[in-house]
Structure formats: structure tokens, C-alpha cells
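S.K.: Give me a 3D structure for the following:
(chains A and B)
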Amino acid sequence: MNFAFTDEQLALAATVRDVLRAHCPPAALRSERRPGWEQLAALGFFGLLLPPESDGLGLGLADVVPALEETGRACLPGPVVETAVAAPYLVAGAPKLASGTVCVSVLLPGQVYAPDADLANVIVVAGADGLRLVARESARLTPRPGADPCRPLFEVAFEESERLGGSAGPALRRATVATAAQLIGVARELLAVSVAYAKVRTQFGAAIGSFQAVKHQLADVAVAVEFAAPLVYRAALAVDGDAATVERDVSAAKAAAGEAATLAARVALQVHGAIGYTEELDLRFWIARAWSLSAAYGTTAAHRERVRAAVLGGDVRRYP
Amino acid sequence: MDLDFSPAEREFRAEVRDWLSTHAPGPLPSMDTPEGFAAHRAWEARLAGARLSVVSWPEEYGGRGASLIDWLIFEEEYWAAGAPARVTQNGIFLLAPCLMRFGTPEQRERWLPRMARGDDVWAQAWSEPEAGSDLAALISRAEPAPGGWRLYGHKTWSSRAAYASHGFGLFRTSGTRHKGLTYFMFPMDDVAVRPIAQLDGLPGFAELHFDGVFVDDSTVLGEVGEGWRIAMATTSSERGLTLRSPGRFLATADRLVTLARRSSAAGAPALADRAARCWTEAEAYRLHTFGTARKIMAGEEVGAAASMGKVFWSELDLRMHTLAMELLGERAGETPWLDGFLFSLAGPIYAGTNEIQRNIIAERVLGLPR
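M.R.: Numbers count the residues shown, from 1 in each chain, chains lettered A, B, ... in the order given. Got it, this is the predicted structure:
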């Protein structure tokens, strides 16, 4: 029993964090669709979960959870979870996947729209008859309105496709946990930015962060994040170990992370006041990401309902 | 990162479970009654006989030198077995960690084995009428006397003090605020004790009056004037790991789910959702505590982060018991849930109110200005 990340796992996260600080600054969110991707690819980021025979590192999900948190902290645009986390369990053999030169979007059970499908070279679509691989040029994409300017959504139609073996389950579980990890990163950043602002913004002659009413809201965000994160880490281990409780653990993680991030977004907006309610402040990207990711791969409500059904249905087994 | 228990940890869990399954008593009378207090002390002695009363202590004081992970395992099994609340908890969870860290070898040998057996039961004498959450405002004082000290002042809201044999608390020996406080461990023999009935009508609290009570020099823990530092080590363990182990909340959450399932009100999805949410939150607290235990075992200080745990467990406990009251309605009083509900109401108040905890989180964890 050692419920803490190893030095290697933390070092990977630190590297990703440094790269994204340098190559995915907030200004890039306004001007680029995939800032930082090339540099992440150079690190081998897109091959972390791929097996060695596909030129990957064969890591487990738990190994990359801290790094995934960093992609949320940076509000990294593009189909990161789809390409780096889902694709290795759908199209591991696709050439150039490990090098990051192939970009993947997915439309798996529980999703309504394919995110960032316009950037994808291939789209994996789950249908009644199983998984299908759709080349970008065979897909007709219809943009759908969404809250997050950096995570556009698309309806996907197609004539030609290739049948894929396997099931959506392993990829879907991992994408859900990875999204939960990103939500934790988004929440941490929202908290950090709000705390920094509360220290410098003065009203009535004092920093607003000295007011108890503000302090207590921020403390509640800290508590929510602090106790959502371990559920995400546990879910990653449950996926890696194929634990008997894995479905319940994944849903518990996604729901808790979604709630922590939306609370962080709500409090961030309140602490920033009217300036926070503007397009010009970068904060809006993180707020929108909290909303878009908490709706992705099953809404918070859907995951809460799954946990309720499992627990009240009698599955009170503990993992570990 | 892994969540696998070692073979030795699994073996320990099996031993504890096995012993409790044959020895754990049914419900005892409240420890805040004379007969209940005696019954709880007798139970502590039985636990100590199996060397299960203080598993994480060194063997020389009655423990097993068990790791924090083993201690968490013990707690899970203890509460799952429905074993009684610990009448010795203020001593073993609050005083003992400080005694081990700051006490002299003589003090440790004198007090710890007796505490482990339930021979002595300790009450915490921190709060004063004008100094509850603002502990540094306390005014009770100790004056030097030949061979020791004389204690003067008034402590209150002291849990278990109506029947406890000993107390520990802070007294001012000089200075103001947190400077010049000294930590004393004293027998209750010469202290005037006035029991205070709690919401359940039982004397769970007491106020203590000191009118020149003499204590000898051996009752000072650590250096004179160092009481604040030592007390902070206590409150950090109180808010953090030791007072509220996840085992207690896991057992409550399991019973709550059973109750929600059995109750006709479980047909109400909103109540069922709240039960499942509480169950998950108890899990979150457990996992978080495994992480905290690992940090402590690696020599890291948990410090102000313990305040996050205090806010989380106290509000979770209240949510769980509030839901149970809603599920049970007028029948709640026929079950142990009513007592649990009354106790859970105290959670956001004791060990530093949750308002104070949120200030600590904001100022010392997040770095916001005072």
C-alpha cells in the first residue's frame, strides 16, 4: 500500500507542465487550435499508453494521471484524451499514432458529439454493430454549439468506414478517468488564479482575500478538490488492475471531479466579479473547460446515477 | 502508486476481525453514565489484553509498533464490528502522540501503559469560557510553588471530564497570547468538577475550576513556556488523522446505505442519491487518509492541511446522520442513530470550529491575507 505518486510519475507531470507553460500560454488559446501538441509529441506523450509493439511506452493509466492533470491545468486544446488515452485502446496499430502525427477523435457510448473532430485524421464511432473507423475525408461534420470555444463539438455522419475489432469499454473507461483528471487540473488552476486575484484586488481598502466570506468560498473549493482527486487516482488504479468495482469507481471519480471543477468555476467567477464575466479575461477558457469536460463522457448526473444504482443495488465492496 | 495490501497487512486484518467477531460486546450503556463509564473501561482492559487497544504504539507501552496503515486497518475492522466508542480516546489519540514526542522517558513509562489499559482515563482541558476556538486567549494560569506549580482558573466543555481520572491542558506561566503557555498533565483529585449535561441530557462535558491545585514539576510536558508548540502538535493530530479515522465513517456509511435500502423512503430517488453520495464521500476520506498516512510515514508534516480533513469528515458525518434522521422519522429514537446524530452535531464545533478551519485553510494552505 503506497497511495502516492512515484518520483517517475511526478517527473513526467513536471515535464508536461513545463512544456505547456512554454508552448500553451493563455494567449495561444485565442489564436491556435493545437498549441503545444508538437512539443508534447516530441516528449513521446502520445505513445505513453501504447504497447511497446506500437512504439509506445506501455504505461498504465495511473502512471499518467498527474500528467493528464497538467493538460487540464494548462487548458490544453485539441483532442488530447481521445488521441493519447482512448486511441491506444481502439486503434493501437494505427501507424504514426505514437509519434503524435495522427490525431484522433471518438464518439463512444455516452457521448453525444465528437470533440475536435475537425482536427482529427480519423474518428472512431461506436454504433449498434460495434466500432467503426472513419477517415476524416469520409466524414461529414456538422458543428454543434457548445460552451467551450476551445473544445468544439461535431455531429458525425459517414458512408464509408472500416470495421474495428474489440469493444469500446476499455477506451471509454480510460477516457472518462482521463477527463476526470483533467477536471482536477482545471479546478486546481481555477483555485490558484482566484487566490492570486483575491490577494491583489482591493475593495473597501483591503484585499478581498482578507474577507472571511471570500476565504470560506475558496477554502470550500480547496476541500472539494482535495477529496475528489483521490477518487480519480483510485479509479485509474481500478482500471489498470481491472478491479471488480471498476465501473462504479470510474463513475464516482468523474462525478466528484466534475462537481469540484464546476464549484471551482463558480467561485472563480464570483471572486473575480464583473471582470470575470467578460470575454477578455483568460479565466473564461478555464470556466468553459470545467463545463465542457464535466459534460463529456457522461454527465455528472449520469455518473451519479450509476454510483447510486450500484451502491443502493448492493455493491458496497471496497477497493482496496 | 498502488492500493494493494501486503500479505502481512491482510493477515493483521484477519486477526483483528477474528478477535472482534468473538469478543466485541453488544451496545454498552453510554460512557457518560457511571455504569457505562465502568463498562467502557472494562472493555478497554479486554482490548489491551489482546494488545489491540493501541496497536500503533511501541510494544513497551502496550502496543504492537504497527504502521499507520495497520492502524487504519484496525480502525476499519473495529468500527465495522460495531465495537464501542473509545472512552480513552482523548488520552490515546491526543495526549499520547505529544507525550511520545515531547515527554521524558519517566513520564512515558508512568502514564502510557496505564492509559493503554484504561486504568487512567484522560480529559482534555483546553477550552475556557473566553477561549474556545481562540485558544491563545486563554487566561488560566500556573504559578511557581516549591517543587512544582499551583494551577488557577476555569476550563470548560471538557469531554469525559465528569468521570476522568486525569486531565491535560494549557496554563499561562508568563506572557500574552500564545507566548508563555505551559502544558500540564494533572490528576483530577483536587480539581473541582461540575458536570454539564449535553443535548442528550448526559454529562458528556464538565467545567473544571482550579483554585491553587498543586501539581509537581513532573506534570509539565516539554519545556515551561513551550505549551503552544506542543498543543499545536496535538490539535494537528486531532484535526487530522487520529481523532476521526475513516473506519468510523465507513461503518456509518455502510449502515446508512442499508438503512436507505430497507426504508420505504428509499423509493425517493433524492434520498437514495444522498445515501450513495455519502458512501462515496466516506470512500474519498478513506483514500485521502491512506495518502496522508503515507506522507506521515515518509516523515512529511501534514500541518494545516489537516484542517481540510476536519471540515470534510465533520460535515460528512453530519450529512450522514441528518439523512438517517430523515429516513427514520419518528422511529429514529428507537435506534442508535439519534445518539449518533446528536454527536455529529458537535463535529463542526469541537477541535476548532469549521469557521476557524476554513480560515486556516485560506490563510495557511492557500496563502490568503489575514
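
S.K.: now the strands for the stretch 201-350 of chain B?
M.R.: All strands of the stretch 201-350 of chain B, identified by DSSP state E, counting those that start in this stretch, fall at B:205-216, B:220-221.

S.K.: Can you lay out those as JSON lines showing mean neighbour count and distance to chain A?
M.R.: Yep, even glycine has a C-beta here, placed from its N, CA and C like the rest. As requested, those are arranged in JSON lines below (neighbours: other Cβ atoms under 10 Å in any protein chain shown; distance: least, Cβ to the nearest Cβ, whole Å):
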{"stretch": "strand B:205-216", "mean neighbour count": "18", "distance to chain A": "28"}
{"stretch": "strand B:220-221", "mean neighbour count": "24", "distance to chain A": "32"}
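
S.K.: Just put these in a markdown table and tack on mean pLDDT.
M.R.: Shown next, in a markdown table, are the strands of the stretch 201-350 of chain B (pLDDT from 0 to 100):
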| stretch | mean pLDDT |
| --- | --- |
| strand B:205-216 | 97 |
| strand B:220-221 | 98 |
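
S.K.: Please determine whether stretch A:305-320 lies in contact with chain B.
M.R.: Yes: judged by Cβ under 8 Å from any Cβ of the partner chain, stretch A:305-320 and chain B are in contact via A:Glu305, A:Val307, A:Arg308, A:Ala310, A:Val311, A:Leu312, A:Gly314, A:Val316, A:Arg318, A:Tyr319, A:Pro320.

S.K.: Write the ChimeraX selection for whichever of those are buried.
M.R.: One line in ChimeraX is enough to select the buried ones among the residues of stretch A:305-320 next to chain B; burial here means 16 or more other Cβ atoms under 10 Å in any protein chain shown:
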select /A:305,307,308,310,311,312,316,319,320
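
S.K.: Counting only helices, which of the residues of stretch A:305-320 next to chain B make the cut?
M.R.: Using DSSP state H, the subset of the residues of stretch A:305-320 next to chain B located in helices is A:Glu305, A:Val307, A:Arg308, A:Ala310, A:Val311, A:Leu312.

S.K.: Counting neighbours, what do you get for the nearest residue in space to the last one that is not next to it in sequence?
M.R.: Think A:Leu312. Excluding its sequence neighbours, the residue lying closest to A:Leu312 (Cβ to Cβ, 6 or more residues apart in numbering or on different chains) is B:Ala272, at 5.1 Å. By the criterion of other Cβ atoms under 10 Å in any protein chain shown, B:Ala272 has 22 neighbours.

S.K.: Same question for B:Gly49.
M.R.: B:Gly49 has 12 neighbouring residues, counting by other Cβ under 10 Å.

S.K.: could you check whether the helix or strand where A:Val193 lies is close to chain B?
M.R.: Under the criterion of DSSP states H and E, A:Val193 resides in helix A:169-200. Yes: against chain B, helix A:169-200 shows contacts by Cβ under 8 Å from any Cβ at A:Leu191, A:Val195, A:Ala198, A:Lys199.

S.K.: Contact partners for the third one?
M.R.: Applying Cβ atoms under 8 Å, 6 or more residues apart in numbering or on different chains, one finds that A:Ala198 lies in contact with A:Ala207, A:Ile208, A:Gly209, A:Val214, A:Leu218, A:Val271, B:Leu368.

S.K.: Sitting in helices, which of the residues you listed do you find?
M.R.: Mapping these onto helices (DSSP H) picks out A:Val214, A:Leu218, A:Val271.

S.K.: Give me the nearest residue to the last one, chain neighbours excluded.
M.R.: Read it as A:Val271. Leaving aside its sequence neighbours, A:Val271 sits nearest to A:Ser194 (Cβ to Cβ, 6+ apart; 4.5 Å).

S.K.: is it possible to export the strands of the stretch 201-350 of chain B to JSON lines including distance to A:Thr101?
M.R.: Compiled in JSON lines, these are given as follows (distance: least, Cβ to Cβ, whole Å):
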{"stretch": "strand B:205-216", "distance to A:Thr101": "70"}
{"stretch": "strand B:220-221", "distance to A:Thr101": "66"}
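
S.K.: Put together a markdown table for the ones in helices among the residues of stretch A:305-320 next to chain B, with pLDDT on each row.
M.R.: A markdown table is the format used below for those (pLDDT from 0 to 100):
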| residue | pLDDT |
| --- | --- |
| A:Glu305 | 96 |
| A:Val307 | 97 |
| A:Arg308 | 95 |
| A:Ala310 | 96 |
| A:Val311 | 96 |
| A:Leu312 | 95 |
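
S.K.: any chance of those residues in a markdown table, plus distance to B:Asp254?
M.R.: Formatted as a markdown table, those follow (distance: Cβ to Cβ, whole Å):
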| residue | distance to B:Asp254 |
| --- | --- |
| A:Glu305 | 21 |
| A:Val307 | 15 |
| A:Arg308 | 15 |
| A:Ala310 | 14 |
| A:Val311 | 10 |
| A:Leu312 | 12 |
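
S.K.: Okay, now the unreliable bits of chain B?
M.R.: Within chain B, the stretches with pLDDT under 70 are B:236-243, B:266.

S.K.: domains for it, by residue range?
M.R.: Domain segmentation of chain B under the TED database yields B:1-86, B:122-231, B:240-366.

S.K.: which element is the closest residue in space to B:Ala206 that isn't next to it in sequence on?
M.R.: Nearest residue to B:Ala206 in three dimensions, chain neighbours excluded: B:Ala161, at 3.7 Å (Cβ to Cβ, 6+ apart). Using DSSP H and E, B:Ala161 sits in no helix or strand.
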